[in-house]
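# here are the coordinates; sequence isn't available:
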DNA sequence: GTCTATATTGTGATAGAC
DNA sequence: GTCTATCACAATATAGAC
């Protein structure tokens, strides 16, 4: 973040070195618990304990438990839009495809609690909010679709399969990774991104 | 489960044409609600209503709500083991790979409630039962791994990437499909299986 | 095999003191 | 901004009649 740490800042002594504020901690712990136990499987008392508060104190930061899930789901999709958009800018089509795959996977794993909750717990939102989140999710799909389409137009990837259909396969490749990847395993997420790109582009055939 | 199918009390004249018994209906509705709302998000009252009983009556068929989830998760994995094992038997390696992909996807979609619950709600089981389910899941992984390894040995698919790594990509391709596939869309699951096989084997490169 | 009634604990959320 | 105390109700599960 490009926040100015200028000593002349008017806000009362907000130093860049300050650790997460309580609101940030709350969101982080909520994402963590929602991922591990599901939204419905996480009580406000549990959440409060994780943050180090009484459950009543949570309501200083949120209006309801569902608010928290909504905030997480929106930020999860926005996170991916920002990361992939930034990763592809200024790149030639085929390089942009590689960069998008890598950026998606590294960002998703680095923000695993948030993004897995985003993917797996939308169902727990009210219909209205679920639709809102699906709109931000669609926004991300369009970013990825653009990458695939430009690679097709540049003649880098096959056009006998529609961009939509290639996208279905690509998103399968990307999304499920969150569910099994172990950061303590012998395969780094960058290595898996390379592996995935390779198989997606070259195929598994001998 | 509170199944007591011991031979001591075998009911006479059980016809194959009989519609689902109450126990089967209970399992089916549980899988449906667990998929839509999650395990923790589904109450025993809701479940009872879906089956057409009072919540207390459920306890004639189960010992606890978790029992139901456990039964679903075990049967989900067994379902896939059976389907894919049968689909590949007697087939040459590369044909077995195609058949496995197709059998996985069609079986998963036909039993979507059960299999999606199996994949997404294991986390809601007690540690002991979670481990048991992961064992049956590992059994299925071995079936698929055998298919990939035999295709490598036959020279049908590349060996510069290990079977384990090819499996990671293949399982991504297969698993995420459950989360977005629409049976009322313009793409049948068999068509998607063909699409997936094609991209997995040939690659997306022009 | 299904019911009514209920025990017991847990839940999201609020009131109001400090 | 955090607390204690509490409300109103929903949760899983049991008891025992029919």
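Right, received. Where do you want to start? Just so it is clear, the structure is predicted and the values come from calculations on it, not from any experiment.
# distance of the residue of chain A found nearest chain B from residue B:134?
Nearest residue of chain A to chain B (CB to the nearest CB) works out as residue A:203 at 3.0 Å. Glycine gets a C-beta too; all of them are placed from N, C-alpha and C. Distance of residue A:203 to residue B:134, given as CB to CB, to the nearest Å: 31 Å.
# ok, residue A:151 touching residue A:97?
Yes - the pair residue A:151 / residue A:97 is scored as a contact, 5.0 Å apart, by CB atoms under 8 Å.
# Quickly list what's touching both of those two.
residue A:157 (CB atoms under 8 Å, 6 or more residues apart in numbering or on different chains).
# what's the single longest helix in chain A?
Secondary structure of chain A per DSSP state H: the longest helix is helix A:127-153.
# For residue A:129, which non-adjacent residue is spatially closest?
residue A:70 (5.0 Å; CB to CB, 6 or more residues apart in numbering or on different chains).
# Just the pLDDT at that neighbour, thanks.
Listed pLDDT for residue A:70 reads 98.
# can I assume it is in contact with residue A:133?
Yes - counting by CB under 8 Å, residue A:70 touches residue A:133, with 7.1 Å between them.
# pLDDT at the residue of chain A closest to chain B, what is it?
Residue A:203 carries a pLDDT value of 98.
# for residue A:145, same thing?
For residue A:145, the pLDDT comes out at 98.
# Which residue comes closest to it once chain neighbours are left out?
Nearest-residue entry for residue A:145: residue A:167, 5.7 Å, with adjacent residues in sequence omitted and distances by CB to CB, 6+ apart.
# Give me the pLDDT for that neighbour.
98.
# and it, what is it in contact with?
With contact set as CB under 8 Å, 6+ apart, residue A:167 has these partners: A:141, A:144-145, A:148.
# What about residue A:31, how many residues nearby?
Residues near residue A:31, counting by other CB atoms under 10 Å in any protein chain shown, number 26.
# Wait, it touches residue A:69, no?
No - between residue A:31 and residue A:69 there is no contact under CB under 8 Å: 9.1 Å.
# Mutual contacts of the two, please.
Common contacts of residue A:31 and residue A:69 (CB under 8 Å, 6+ apart): residue A:117.
# Give me the buried positions along the helix or strand harbouring residue A:192.
Taking DSSP states H and E as the criterion, residue A:192 maps to helix A:189-202. By 16 or more other CB atoms under 10 Å in any protein chain shown, the buried positions in helix A:189-202 come out as A:189, A:192-193, A:195-201.
# and of the residues you listed, the nearest to residue B:176?
Closest approach to residue B:176 among the buried residues of helix A:189-202 (CB to CB): residue A:196, at 12.6 Å.
# Flag every residue of chain A that's near DNA strand D.
Counting by CB under 7 Å from any atom of the strand, the residues of chain A close to DNA strand D are A:22, A:48, A:52-57, A:60.
# Drop anything exposed from those.
Buried subset of the residues of chain A next to DNA strand D (neighbour count, 16+ other CB under 10 Å): A:48, A:53.
# quick one on the thing from earlier: I'd say the residue of chain A closest to chain B and residue B:173 touch.
No - taking CB under 8 Å as the definition, residue A:203 is not a contact partner of residue B:173, at 12.0 Å.
# list residues touching both of those two?
Common neighbours of residue A:203 and residue B:173, counting by CB under 8 Å, 6+ apart, are residue B:200.
# Which one's more surrounded, these two?
Applying other CB under 10 Å to residue A:203 and residue B:173 shows that residue B:173 carries more neighbours, namely 24 against 18.
# right, and that one touches residue A:172 too?
Yes - if you go by CB under 8 Å, residue B:173 and residue A:172 touch, sitting 5.0 Å apart.
# one step back: from the buried residues of helix A:189-202, which are also near chain B?
Taking CB under 8 Å from any CB of the partner chain as the test, chain B is in contact with A:192, A:195-196, A:198-201 out of the buried residues of helix A:189-202.
# Torsion angles phi and psi at residue A:157?
When read as degrees, to the nearest 10, the backbone of residue A:157 gives phi -130, psi 160.
# Compute the distance between the closest residue to DNA strand D within chain A and residue A:166, please.
Of all residues in chain A, residue A:56 sits closest to DNA strand D, at 3.0 Å by CB to the nearest atom of the strand. Applying CB to CB, the value for residue A:56 to residue A:166 is 51 Å.
# Ok, residue A:70 next?
Residue A:70 is 32 Å from residue A:166, by CB to CB.
# Repeat that for residue A:26.
From residue A:26 across to residue A:166, the span is 40 Å (CB to CB).
# just residue A:115 next, same as before
Residue A:115 sits 22 Å away from residue A:166, taking CB to CB as the criterion.
# hang on, the earlier thing: tell me which helix or strand the residue nearest to residue A:129 sits in.
Following DSSP H and E, one finds residue A:70 within helix A:65-88.
# Downstream of that helix, the next helix or strand is which one?
Downstream of helix A:65-88, the next assigned helix or strand under DSSP H and E is helix A:93-110.
# that older thread, residues shared between the contacts of residue B:173 and residue A:172?
The contact sets of residue B:173 and residue A:172 overlap at residue B:196 (CB under 8 Å, 6+ apart).
# need the contact list for the spatially closest residue to the residue of chain A closest to chain B that is not a sequence neighbour.
Closest residue to residue A:203 apart from its sequence neighbours, by CB to CB, 6+ apart: residue B:203 at 3.0 Å. Each residue near residue B:203 by CB under 8 Å, 6+ apart is listed here: A:199-205.
# where are the low-confidence patches of chain A?
Of all residues in chain A, those with pLDDT under 70 make up the ranges A:1-19.
# At the contact with DNA strand C, which residues of it appear?
Contact residues (CB under 7 Å from any atom of the strand) of chain A with DNA strand C: A:42-46, A:55-56, A:59, A:63-66.
# OK, contacts around the closest residue to residue A:68 other than its chain neighbours?
Excluding the flanking residues, the one nearest residue A:68 by CB to CB, 6+ apart is residue A:30, at 4.6 Å. Residue A:30 is in contact with A:42, A:47, A:68-69, A:72, counting by CB under 8 Å, 6+ apart.
# so residue A:30 is in which element?
Judged by DSSP H and E, residue A:30 forms part of helix A:22-37.
# Nice, that's everything, thank you.
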